[in-house]
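Visitor: Show me the folded form of this:
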Amino acid sequence: MVVTEALRRERVQDLTRLLAGFDRVVVAFSGGADSAFLLAAAVRTVGADDVIAATAVSPSLPVLELQHAREFADRLGVHHVTPSTEEMSRPGYRANGSDRCYFCKAELLDTLAPIAAELAAAVLTGTNADDAVAGFRPGIRAANERGAHAPLRDAGLTKQQIRDSSRDWGLVTWDKPAAACLSSRIAYGLQITPERLARVERAEATVRTALSAGGHRLGDLRVRDLGHGSARIEVAPDLVEALTAHPIRLPEFDSVEVRAFRSGSLNDALKTPAGFSVGAEARKD
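Guide: The predicted structure is shown next:
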């Protein structure tokens, strides 16, 4: 335990040394635990006046996440910009193949590049050490190609170390559930559209409201669009029984199943011969 804590603190010091090498930074800030910690670390090291938080606004960003990002940036006293991104204009993104995240990250960084250039700032992403060895991460490839920096990864900080350090610093995001973009809720091969993303967001709001009304603690939640009118609600394991006993009606879906939350569960389709192959035409339903 002592060794583990010492290693974590050493890696935070490494992060500080890395950040000290920048005069001004633009942090790609989603509002999640990783980018929030990176933003806070940049403020501590570089100074709030030379740190810009950038949250991309598009149909794939839940409204609630944008609100949380604004509140967090305000608390840190950093300038927060919210440029619109047009990933929907990229055929590779709309097609929703296994490389969808590549096109999303490419659009984000291509949007931030002129902002950073005007400010003579470096672009930082919240990629951590776990992400770097997680295997299939096309978004990381897009970031590497565009010269974005990943200080958390370079300092060797894991997801758990970031959460533990965030708690030490009193950051409200230390135990924030992972919140991937809305497109991650759409089964591979189903075309990404603003309407489909909005439907998933409304469904999650319905589930969230019902759980809160029932006195349940909100945690990880996903509503996955499986196509053909089917959806899957994924929640913490201890909530599966409650939702099974008292089903929540989602008016915009014909059938709904409930399972325990598992990050990246839709990636299972990529591991089977029948799984969606890159380059196939996206289905509209």
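
Visitor: Just the helices from the protein, written as ranges.
Guide: Along the chain, counting by DSSP state H, helices occupy 2-19, 33-45, 63-76, 91-94, 100-119, 129-132, 138-145, 151-154, 159-168, 194-213, 237-245.

Visitor: Could you export these to a markdown table, including columns for mean neighbour count?
Guide: Quick note: C-beta positions are derived from backbone N, CA and C, even for glycine. Listed next are these as a markdown table, based on neighbours: other CB atoms under 10 Å:
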| stretch | mean neighbour count |
| --- | --- |
| helix 2-19 | 14 |
| helix 33-45 | 24 |
| helix 63-76 | 16 |
| helix 91-94 | 16 |
| helix 100-119 | 19 |
| helix 129-132 | 17 |
| helix 138-145 | 18 |
| helix 151-154 | 23 |
| helix 159-168 | 18 |
| helix 194-213 | 17 |
| helix 237-245 | 14 |
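
Visitor: looking at the ones you listed, which is closest to Ala53?
Guide: Within the helices of the chain, the stretch nearest Ala53 is helix 63-76; the backing value is 4.4 Å (CB to CB).

Visitor: Please enumerate residues in contact with that closest one?
Guide: 29-31, 36, 39-40, 43, 48, 53, 55, 57, 80, 82, 172-173, 179, 201 (CB atoms under 8 Å, 6 or more residues apart in numbering).

Visitor: got the angle for that helix vs helix 194-213?
Guide: Relative orientation of helix 63-76 and helix 194-213, computed by axes from the mean of the first three to the mean of the last three CA atoms, to 10 degrees: 70 degrees.

Visitor: please begin residue numbering at 893 from this point
Guide: Got it, first residue is 893 now, which makes that one helix 955-968.

Visitor: Including mean pLDDT and distance to Ser1147, could the helices of the chain go into JSON lines?
Guide: Output for these, formatted as JSON lines (pLDDT from 0 to 100; distance: least, CB to CB, whole Å):
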{"stretch": "helix 894-911", "mean pLDDT": "95", "distance to Ser1147": "45"}
{"stretch": "helix 925-937", "mean pLDDT": "99", "distance to Ser1147": "33"}
{"stretch": "helix 955-968", "mean pLDDT": "97", "distance to Ser1147": "26"}
{"stretch": "helix 983-986", "mean pLDDT": "97", "distance to Ser1147": "25"}
{"stretch": "helix 992-1011", "mean pLDDT": "97", "distance to Ser1147": "25"}
{"stretch": "helix 1021-1024", "mean pLDDT": "92", "distance to Ser1147": "34"}
{"stretch": "helix 1030-1037", "mean pLDDT": "95", "distance to Ser1147": "31"}
{"stretch": "helix 1043-1046", "mean pLDDT": "98", "distance to Ser1147": "40"}
{"stretch": "helix 1051-1060", "mean pLDDT": "98", "distance to Ser1147": "34"}
{"stretch": "helix 1086-1105", "mean pLDDT": "96", "distance to Ser1147": "13"}
{"stretch": "helix 1129-1137", "mean pLDDT": "93", "distance to Ser1147": "14"}
